[in-house]
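In: A structural model of the following input is requested.
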Amino acid sequence: SRGGGGPRGPREPREVYTLEMALKPYHSQHKCSRPKKLVECSEEDFLHDLEKVWDEVSKASKEMHFPKVKSDGGGHEYKYPMLNGTTIDFFNLYKEVACRGGWFNGDGINWTGQVFPRMSNHTRGHRQTAIGNALRKNYAKYLLDYELCHPTDIVPDDKCMECGCADDGNNPKTDWISCSKCEGWVHYQCDQRAHLFNFRDYAHGGVDYVCSQCSPTLPPPSRRKPAPRRGG
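Out: This next block holds a predicted model:
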């Protein structure tokens, strides 16, 4: 029925097909409260800024609502969805999608095989079905507006995560290396951290490469061979 004076419940995620369809004026007006670089952001920083975006979107738009429940203090707090029996790990879900080109990369993201295993919700032998669809649905509803407020978080999947450039015929930076943690791609020459191994050690010597976004300081190397470089 049409009656009822209570607040409307949360709506289903919007169908968003292009960046132009998704962008709203309030996305560019967001004042970020976390460190500018995502790699320097803690989970606490991220969730605080995420809820700030939810507040702004709820105030500015009549189309999007995020569910709240009563808190122990008598106020209201956001209700986070569950995934595989635990509260969804929005922090790692967002980071993994951002380093793979963002929401509009579409089919370029392997939600089940690459994104989910890096979330705290992942367990060996889990029995939850349709994980990929659940991740996409929750990202569209809870994180897409956040992505649109933070366009510099997104790393195009065809570009180096350090310099932001793709190779062309005139670009001599041809030594690509894949991060063993996020699986993003980097020009080896663009990583200026001290104490890097030689490129051959990473590409052929069985040493794992970890990019500067996953580890600003170099961790002890393991001997598992990383993914082969592009075109190799």
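In: given the lowest-mean-pLDDT helix or strand in the chain, what are its sheet partners and their directions?
Out: Here the helix or strand of the chain ranked lowest by mean pLDDT, DSSP states H and E is strand 176-178, holding a mean of 77. Here strand 176-178 is paired, per DSSP bridges, with strand 185-187 (antiparallel).
In: give me the distance from the least confident helix or strand of the chain to the chain's centre.
Out: Here strand 176-178 is found 20 Å from its chain centre; the criterion is C-alpha atoms, centre = their mean, to the nearest Å.
In: buried set for that strand?
Out: The neighbour-count check on strand 176-178 (16 or more other C-beta atoms under 10 Å) flags 176-178 as buried. All C-beta spots, glycine's among them, are computed from the backbone N, C-alpha and C.
In: quick check, nearest of the residues you listed to residue 60?
Out: If you rank those by distance to residue 60 using C-beta to C-beta, residue 178 comes first, at 39.5 Å.
In: please report the distance of the closest one from residue 58.
Out: Residue 178 sits 39 Å away from residue 58, going by C-beta to C-beta, to the nearest Å.
In: before we move on, what about residue 179?
Out: For residue 179, the distance to residue 58 - C-beta to C-beta - is 36 Å.
In: ditto for residue 96
Out: 26 Å.
In: who has more neighbours, those two?
Out: The residue with more neighbours, out of residue 96 and residue 58, is residue 96; 24 against 16, by other C-beta atoms under 10 Å.
In: quick check on that one: phi, psi?
Out: When read as degrees, to the nearest 10, the backbone of residue 96 gives phi -70, psi -40.
In: list the contacts of it.
Out: By C-beta atoms under 8 Å, 6 or more residues apart in numbering, the contact list for residue 96 reads 114-115, 118-119, 182.
In: which one (most neighbours) among those?
Out: residue 115 (24 neighbours).
In: wait, is that residue part of a helix?
Out: Yes - judged by DSSP: H, G, I helix; E, B strand; the rest coil, residue 115 forms part of a helix.
In: pretty sure it is touching residue 135, no?
Out: Yes - Residue 115 lies in contact with residue 135 (C-beta atoms under 8 Å); the separation is 6.2 Å.
In: now for the two: what residues contact both?
Out: In contact with both residue 115 and residue 135: residue 93, using C-beta under 8 Å, 6+ apart.
In: so which residues of the chain form strands?
Out: For the chain, the strands defined by DSSP state E cover 68-70, 76-78, 82-83, 86-87, 176-178, 185-187.
In: any weak-confidence spans in this protein?
Out: Applying pLDDT under 70 to the chain flags the ranges 1-17, 63-64, 107-108, 157-158, 167-174, 204-205, 216-232.
In: ok, residue 75 - how many residues close by?
Out: For residue 75, using other C-beta under 10 Å, the count is 8.
In: sorry, slip of the keys, the one I care about is residue 113.
Out: Residue 113, neighbours per other C-beta under 10 Å, totals 10.
In: many thanks, I have nothing further to ask.
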